[in-house]
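>>> predicted model and sequence below, questions to follow.
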Amino acid sequence: MRRILLLDVTAMTGDAVCTAGLDLDSGDTLRLNDPQPTLQMLERLAGLAPGDVIQVEWTPIPGATRPHVEDGRWRPDTLRKDGVMPFSQVVQAVRAAAFSSIADAFGERWFQGHNHNSAWQPGAGDRSLASIVVRYVRFKADGLGRVRVALRDDGDTYWDGIPYQDLRTRSHMSGCDACDDGYLARVGAEYQANRCLLRVGLTRAVPLGEHPSACWLQVTNIFARPRAHFV
């Protein structure tokens, strides 16, 4: 059995959910990949969220396609919640393994898309999930009104056009009265900060528009302060 501190519970296509975290014994980042977690699975477990500590049988997938080396097989029938780690302890665990820049974590980007977001080449790279120290993180709406992240990492590189995929946050895009008239403002109030830690990931390879199939940057969690609204 593995004891995992969940750091990333993120929305994917359809009802698929990317669920990953830190092995509390080895310090490795592990992803519950096979079978693919879904919203229905999470509901049966009364929801899973960043900060939860779980126990589960998990084994690595030999020859996992880079950069998604964190992929593993897990047994849903063995998964048990083992409590919630206090925010200060989560931050301490994240900081211990944090990179100073996105390039340090993933290497140099392959290209930048028309929407300004950055892409990496499939089949390469040492990881698809990482913790990053940033000088600041901000939020803005793109031309289609979608919330996008802009940040400057501690290596002094500016990145923007990044989607924020945290499941709890995205679930408020509909059905939340407090967010109906000000979702962007709510997101900014909850997560906007200077000098904080965040989690970033690379998507599975996907072609977008005229671009070749690529692994695109996304923000999966932000540790600015304890959550108050998106819980």
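In hand now; what should we look at?
>>> run a quick neighbour tally on residue 2.
Neighbour count of residue 2, defined by other Cβ atoms under 10 Å: 20. For every residue, glycine as well, the C-beta is placed using N, CA and C.
>>> that one reaches residue 21, doesn't it?
No - applying Cβ atoms under 8 Å as the test, residue 2 and residue 21 come out as separate, 9.5 Å apart.
>>> overlap of the contact sets of these two?
Common neighbours of residue 2 and residue 21, counting by Cβ atoms under 8 Å, 6 or more residues apart in numbering, are residue 30.
>>> domain ranges for the chain?
Here the domain parsing of the chain from automatic domain parsing is 2-90, 97-223.
>>> could you dump these to JSON lines with mean pLDDT and distance to residue 231?
Output for those, formatted as JSON lines (pLDDT from 0 to 100; distance: least, Cβ to Cβ, whole Å):
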{"stretch": "domain 2-90", "mean pLDDT": "95", "distance to residue 231": "8"}
{"stretch": "domain 97-223", "mean pLDDT": "95", "distance to residue 231": "7"}
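>>> do you know which of those domains lies nearest residue 229?
domain 97-223 (5.5 Å; Cβ to Cβ).
>>> need the contact list for the closest residue to residue 179 other than its chain neighbours.
Nearest non-adjacent residue to residue 179, counting by Cβ to Cβ, 6 or more residues apart in numbering: residue 172, 4.6 Å away. Neighbouring residues of residue 172 by Cβ under 8 Å, 6+ apart: 179, 183, 186, 229-230.
>>> restricted to buried residues, select those residues in PyMOL.
Of the contacts of residue 172, the buried ones go into a single PyMOL selection, burial set by 16 or more other Cβ atoms under 10 Å:
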select buried, resi 179+183+186+230
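>>> for the protein, what spans make up the helices?
Under the criterion DSSP state H, helices of the chain are mapped to 39-44, 87-96, 102-106, 167-170, 177-180, 183-191.
>>> show me what the third one is packed up against.
Spelled out, that is helix 102-106. Other elements packing on helix 102-106 under the criterion 3 or more Cβ pairs under 8 Å, 6 or more residues apart in numbering; DSSP states H and E are strand 129-141, strand 193-202.
>>> now distance to residue 31 too, for those strands, in JSON lines please.
Output for the helices and strands packed on helix 102-106, formatted as JSON lines (distance: least, Cβ to Cβ, whole Å):
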{"stretch": "strand 129-141", "distance to residue 31": "7"}
{"stretch": "strand 193-202", "distance to residue 31": "9"}
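>>> measure the residue nearest to residue 179 to residue 149 for me?
Separation of residue 172 from residue 149 (Cβ to Cβ, to the nearest Å): 16 Å.
>>> same check, this time on residue 199
Per Cβ to Cβ, residue 199 is found 11 Å from residue 149.
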